[in-house]
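1. below is the structure, and that's it, no one-letter string:
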């Protein structure tokens, strides 16, 4: 009986032992229908290896860990399996892993709209699950009632002035739960043609109206964008953002190096990543750079809440 129980534990260990403190998915839809994904996993202490499975093919895989080198390989059949192993013993603290890749398999193109769809199979108990989808610039949802354009309907929307974003935020998601997410949208040109037909003047008028609407959303809801973006940042990235916020949103890169106590190379890598994700702007100033925070500075009350 003892041997049987031990043998059974060997089979169920990967499911029961692998727990996540945080599971985040950030998907950015490009104009060519390529989707750039960043998966952020925060493991409980002492995890030595893990697998991540996807139901589609991927390109340009990159895996990073905040406190240990990690080695990964992929196997592709009906699904894509990313198998990873940490190269050093795990410390007695949580581990953040960022998995980046692209795919062209999750956007369907109909006559007058596009559909993003993604299936997520939960292979671990997760304390917090967060999923955000960035539509292409100036794209719009297909229905006037926004939550009729996406599933599950309990998602929320916001905008940073350039992109409409749809996101879901859940707590205590259990192993074995299957999550399906979809968003239908139109691009600006596609939307105009389907509604107005032809006419350059009509197109210009719609662009002006859309721009004014985006400006309004940007000015009213920018702080909501900050609260959504911040949980997706790693600890070192948050440190850099905090330094910018303390210095009126704009500062010389040398100041970030001095106040963060990071190396010049590390600060350069962090800023390059933040720039790619449209969190900061970088302006060359001779032998250094001026770094400007693109998201609105939080108030003191927001900092207390955070």
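-> Good, I have the coordinates. All values reported here derive from a predicted model rather than from experimental measurement.

2. low-confidence ranges, the stretch 101-250 of the chain, go.
-> Within the stretch 101-250 of the chain, the ranges that satisfy pLDDT under 70 run 189-202, 205, 210-231.

3. where along it do the strands fall?
-> 107-109, 114-121, 125-134, 140-141, 150-151, 156-159, 164-173, 178-186, 250-252 (DSSP state E, counting those that start in this stretch).

4. among those strands, which is nearest residue 22?
-> Residue 22 sits nearest to strand 125-134 of all the strands of the stretch 101-250 of the chain, at 5.1 Å, using CB to CB. C-beta coordinates here come from the backbone N, C-alpha and C atoms, glycine included.

5. what is the neighbour count of the residue lying closest to residue 179 once chain neighbours are set aside?
-> The shortest distance from residue 179 to any non-neighbouring residue, by CB to CB, 6 or more residues apart in numbering, is to residue 120 (4.3 Å). The tally of other residues near residue 120 (other CB atoms under 10 Å) stands at 19.

6. separation between residue 120 and residue 111?
-> According to CB to CB, to the nearest Å, residue 120 and residue 111 sit 28 Å apart.

7. and for residue 38?
-> With CB to CB as the criterion, residue 38 and residue 111 are 31 Å apart.

8. out of these two, which sits in the busier spot?
-> Using other CB under 10 Å, the more surrounded residue of residue 38 and residue 111 is residue 38, with 18 against 6.

9. tell me which residues of the helix or strand harbouring that one are tucked away?
-> Using DSSP states H and E, residue 38 falls within strand 35-43. If you call a residue buried by 16 or more other CB atoms under 10 Å, then strand 35-43 has these buried ones: 35, 36, 37, 38, 39, 40, 41, 42, 43.

10. kindly report the same for stretch 238-253.
-> 239, 240, 241, 243, 244, 245, 247, 249, 251, 253.

11. tell me the SS of the nearest residue to residue 65 once chain neighbours are set aside?
-> Of all residues not flanking residue 65 in the chain, residue 97 sits nearest, at 5.1 Å (CB to CB, 6+ apart). Put simply, residue 97 is strand when judged by DSSP: H, G, I helix; E, B strand; the rest coil.
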